[in-house]
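# Structure, please.
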Amino acid sequence: MIEFRLDRSSGLPPYLQLVTQVQEAIRMGWLRAGDRLPTVREVVTSATVNANTVAKAYRELALIGLVEARPGAGTFVCGSLGTADAATMARLRGRLVRWVEASRAAGLEDDDVRALLNSVLTGLDSSTGVA
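I've put the predicted structure just below:
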């Protein structure tokens, strides 16, 4: 089961952090169709967040077709994201973990690592800062 973590300093609303974490867990294969999400009460207790925030996140996930609420049973994953198989994702994640560890050993902070990753994802040229 997924364990939510909220970053109060991220600037991203808590409900969107919950939505993003579920999307990423589905994409990584950590959550699959049929898996139950934690109850609103469980998330409120573990992540110290308002029940309305959790409900809003779960409604958003339902609207985009990733989860469905089953009265009396809970909220369940019903959709999928991504096309890579779990083994490929796990292998690449392992390589990324080693890269992040090397980045931290070189003295980079998390924001530096994010900037590097975003520059690669957006295709920015390192010498000019433009795509």
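
# Going by C-alpha atoms from here, please, whenever you check contacts or count neighbours.
Fine.

# In this protein, which residue is most central in space?
Gln21 (2.6 Å; C-alpha atoms, centre = their mean).

# Name the residues of the host helix or strand of it that are buried.
In this assignment (DSSP states H and E), Gln21 forms part of helix 14-28. Going by neighbour count (16 or more other C-alpha atoms under 10 Å), the buried part of helix 14-28 is 14-19, 21-23, 25-28.

# Just name the closest of those residues to Cys78, please.
Of all these, Ile26 has the smallest distance to Cys78: 10.0 Å, by C-alpha to C-alpha.

# What distance do you get for that closest one to Leu37?
Distance, Ile26 to Leu37, using C-alpha to C-alpha, to the nearest Å: 11 Å.

# Strands of the protein, residue ranges please.
For the chain, the strands defined by DSSP state E cover 67-70, 74-77.

# What are the buried residues along the first one?
Using 16+ other C-alpha under 10 Å as the burial criterion, the residues of strand 67-70 that qualify are Val67, Glu68, Ala69.
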